[in-house]
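**Student:** For reference, the sequence and a predicted model appear below.
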Amino acid sequence: MLNKNKLSIKKIVIPNSNIAILKENSILKEALELMNKYKYGVAFCINNKGKLMGVITDGDIRRKILKVQKPFSALLTDDIKIHMNKKPKKIFINSNLTTALNKTRKYKIWDLPVISRDNRLQGMLHLHPIVNLFLKR
């Protein structure tokens, strides 16, 4: 039996090298390109020190397209800072699986940025590796 309270998320965190990460001066088009490249539907914005500044998802962009009344090409050149969620749900790198699952369930999200105590992005927790962990046992 898998003990979710003792299992650290460190073993299933997707590293920064495999997720979409943008700098603060990026534009929305770059976010879409990286989301397409990494195929997770989420991009993380960090500052020059690697600290998490915000998150944007493909759903955020879809809702923005429907809400904002400006040409699509103009929207794509907007700064990412305008559209990202500046207070995303996140999880600490030393958290356990129970905490992670409770957050994804409570907020109905698939992805959580994983941060250190000083808010540096450590990677991403995605629901599929969690499911795979349970299926392997």
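**Tutor:** Noted; the coordinates are in hand.

**Student:** now the chain, which segments are flagged as low pLDDT?
**Tutor:** Applying pLDDT under 70 to the chain picks out residues 1-5, 137.

**Student:** And the strands in it, which stretches?
**Tutor:** 14-15, 20-23, 42-46, 52-57, 91-92, 111-115, 121-126 (DSSP state E).

**Student:** Can you tell me which of those is nearest to Phe72?
**Tutor:** strand 52-57 (16.2 Å; CB to CB). The C-beta positions use only the backbone N, C-alpha and C, and glycine is treated the same way.

**Student:** what comes into contact with that closest one?
**Tutor:** 24, 28, 31, 41-47, 80-81, 83-88, 90, 111, 113, 115, 119-121 (CB atoms under 8 Å, 6 or more residues apart in numbering).

**Student:** same thing with stretch 71-85?
**Tutor:** Contacts of stretch 71-85 (CB under 8 Å, 6+ apart): 22, 24-32, 43, 45, 53-56, 60-61, 64-65, 68.
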